[in-house]
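# Let me see the structure of the following:
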Amino acid sequence: MKADDDKTLGMRIMKLSRMLRLRFDRRAAGAGLTSAQWRTIACVRRFPGATQREIAGLLEVGEVTVGRSIDRLADAGWLERRADPADRRAYRIHLTGAIDPLLGELAAIGAAEDEDALAGFSAAEAAQLRAMLDRIAINLGGEVDPAVVAECGVREAG
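Prediction:
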C-alpha cells in the first residue's frame, strides 16, 4: 500500500468506522455484550420479525454465526424466536421487553461515543457533517436509509 492510500475518502471512512466500532465494543463489553450480539440486537430492533437468514444477510455474516448470537441473546431473555405462520420451518426473531434497560444502556453508549467523536464541533458543524455523510450514502447507493446504516452498521436491506 502506498503512503497516500490512507488519504482516500474510503480509507479514511473505513479507519474511522473501525475506530468507532472498537470503542463501542469496549464500552458494550461492560454491559456483557460482544460485538456480534449488539449488532444482532440493533438489527432485530430495526427489523422486528426478521428471520435468522435475513439478519445474517443484513450483518453480512453466516447464518451459523448469527444463530449463535441469537441463541445467547435468547438464553439471556432478550430475544425470542416465534414460529412463522407462513413457513413452519422458519422462525421470526423479536426483542422481548426484558431488553429495554439494555437498549437504554446501548443508546447512552452511542450518545457518549458521538459526543467524543464530535468534540470541538459546533451543533451546526455536526449537523452539516451528518447531512454530508447522508449525501455520500445516497451518491453511492441510491436511496439509502441512514437509520439502517447507523443502527446496523451494515448495508441497506434489499
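
# Show me which parts of the lengthiest helix in the chain are buried, residue by residue.
The single longest helix within the chain, with elements called by DSSP state H, is helix 9-29. Applying a neighbour-count criterion of 16 or more other Cβ atoms under 10 Å, one finds 20, 24-25, 27-28 buried in helix 9-29. (Glycine included, C-beta is placed from N, CA and C.)

# mind putting those in JSON lines, distance to Ile93 and pLDDT included?
Listed next are the buried residues of helix 9-29 as JSON lines, based on distance: Cβ to Cβ, whole Å; pLDDT from 0 to 100:
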{"residue": "Leu20", "distance to Ile93": "25", "pLDDT": "91"}
{"residue": "Phe24", "distance to Ile93": "22", "pLDDT": "89"}
{"residue": "Asp25", "distance to Ile93": "22", "pLDDT": "88"}
{"residue": "Arg27", "distance to Ile93": "24", "pLDDT": "88"}
{"residue": "Ala28", "distance to Ile93": "19", "pLDDT": "87"}
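
# how about the strands in this protein?
Listed in chain order, the strands of the chain (DSSP state E) span 50-51, 79-84, 87-95.

# Which of those sits closest to Leu133?
With respect to Leu133, and counting by Cβ to Cβ, the nearest of the strands of the chain is strand 50-51 at 25.1 Å.

# Stretch 18-37 spans what distance, first to last residue?
Using Cα to Cα, to the nearest Å, the gap from the first to the last residue of stretch 18-37 comes to 17 Å.

# And the contacts of it?
38, 41, 59, 61, 65-66, 68-69, 72-73, 102, 105-106, 109-110, 112-113, 116-117, 153 (Cβ atoms under 8 Å, 6 or more residues apart in numbering).

# related to what we said a few turns ago, and the strands of the chain, which is most packed in?
strand 50-51 (a mean of 18; mean count of other Cβ atoms under 10 Å).

# and it, which strands flank it?
Looking at strand 50-51 with DSSP bridges, its partner strands are strand 87-95 (antiparallel).

# and the strand it pairs with with strand 79-84, angle?
Angle, strand 87-95 to strand 79-84, by axes from the mean of the first three to the mean of the last three Cα atoms, to 10 degrees: 150 degrees.

# Identify all contacting residues around strand 87-95.
Against strand 87-95 from outside (Cβ under 8 Å, 6+ apart): 41, 44-45, 48-52, 55, 70, 78-84, 103.
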